[in-house]
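[1] Need a 3D model of the following:
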Amino acid sequence: MNVVEPILFQARHDPPAPAMCAPGTALGVISYARLARFIHSAGHRAVRLGIAPKTVVAIQVEDHIFHTTLALGLMHIGAATVSVGPAFPPNLRADVIITDTPEAFGGGRNAKVVAVDLSWMSGKGVPVDERHIYSGSGDDTCRIALTSGSTGEAKAVAFTHNNQLARLARYNHVFGKTFPECSRFFSDYGLGSSGGFRHILYVLSRGGTMFFPGASPMETLQTFELYKVQGLIASPGGLSGFLKFYSENTDFRSGFEIILSAGSPLPHALSEQVRARLCSNLIFYYGTIPRPRLFHRRRLTRWLTLAAQLVISRLTLRFGSSTTRGLFLSLARKDRCG
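    Numbers count the residues shown, from 1 in each chain. The predicted structure is shown next:
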């Protein structure tokens, strides 16, 4: 199955519903009908450029909505996309680089550099010819995520259509009952990370609305009030920024029903402050696996310890931080003892 098809289904089901919003930016708010039109337009452009299934395309575009739409359009025709910043990872191999700053990729690369602007989104929204749409077994790569490198050298991790869809299905259970009940999420998490882009796929495939940073913090916070944004997805650094802003602007009241934090360990002090000021339903997860390995006892214990972090963050709400912190420390001691 094609990982983009559930999003296009939502566009047919409820065309006027808001799909993505970045207040004060060039695209502002786009509906599902407009998102589908953008996906098809990007697909047509890619086909004319000769981008074929299994082509690895790196996307370096600052605008979150434009960036996301390009990735969806390319994945729909079978390309594998990876989101990069201005500092292109030295070990990443891409066939094509699509960028809004082509001068940053002037030389020294074998990849074809393609300049993009919002004209890529123009068009009547005619779907790409079926022969160009990916309809394989689902075992082909559609997305490549970049690890942060915090535990060693940064690596690229590939995900297939089937793999992404299976992970999206687990989102209905792994983050508790509140997460799937929410449809309006704000993300301050990097598009290049595995979770950052997958959260977008999850929200859009269910007909929800994804919000991104606006032109200013004030416009972003006003959007939270206007649209009643229910969930926040951010790194610990992003959470710290939100906590500071809400603390300095007491007229704004947090209405989040759930907060997800990922990307790096969440300090206990920050966790307590976020629960007290922003939302008590805080879930954090951290840990990546660079490649499949056979488990032995010590490695399995470490995996269970990481899984316990997610569980314990939820238990803290019910039994108190001291009890759950003691449980985690006990698990960590067992890990060290092997």
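
[2] Just the strands from the chain, written as ranges.
    Under the criterion DSSP state E, the chain contains strands at 18-21, 29-31, 56-60, 80-83, 96-99, 112-115, 141-146, 156-160, 184-187, 209-211, 231-234, 258-262, 282-285.

[3] how many neighbours does residue 77 have?
    Each residue near residue 77 was counted by other Cβ atoms under 10 Å, and the total is 23. In this view, the C-beta of every residue, glycine as well, is placed from N, C-alpha and C.

[4] Number the chain from 129, please
    Happy to do that; since the first residue is 129 now, the last one works out to residue 205.

[5] I'd guessed it sits against residue 261; true?
    Yes. With contact defined as Cβ atoms under 8 Å, residue 205 reaches residue 261; the gap is 6.1 Å.

[6] what residues do these two have in common as contacts?
    Listed contacts common to residue 205 and residue 261 are residue 171; contacts here mean Cβ atoms under 8 Å, 6 or more residues apart in numbering.

[7] Output the below-cut-off pLDDT ranges for the stretch 229-378 of the chain.
    Scanning the stretch 229-378 of the chain for pLDDT under 70 picks out 234-237, 276-282.

[8] try 80 this time
    Within the stretch 229-378 of the chain, the stretches with pLDDT under 80 are 233-238, 275-283, 322, 377-378.

[9] about what we covered before: I'd like the strands of the chain laid out as CSV, including mean neighbour count and distance to residue 134.
    Shown next, in CSV, are these (neighbours: other Cβ atoms under 10 Å; distance: least, Cβ to Cβ, whole Å):
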stretch, mean neighbour count, distance to residue 134
strand 146-149, 24, 13
strand 157-159, 19, 17
strand 184-188, 23, 21
strand 208-211, 24, 17
strand 224-227, 23, 24
strand 240-243, 16, 27
strand 269-274, 22, 13
strand 284-288, 17, 16
strand 312-315, 22, 16
strand 337-339, 24, 14
strand 359-362, 24, 19
strand 386-390, 22, 21
strand 410-413, 21, 23
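
[10] Out of these, the one nearest residue 378 is which?
    strand 359-362 (18.3 Å; Cβ to Cβ).
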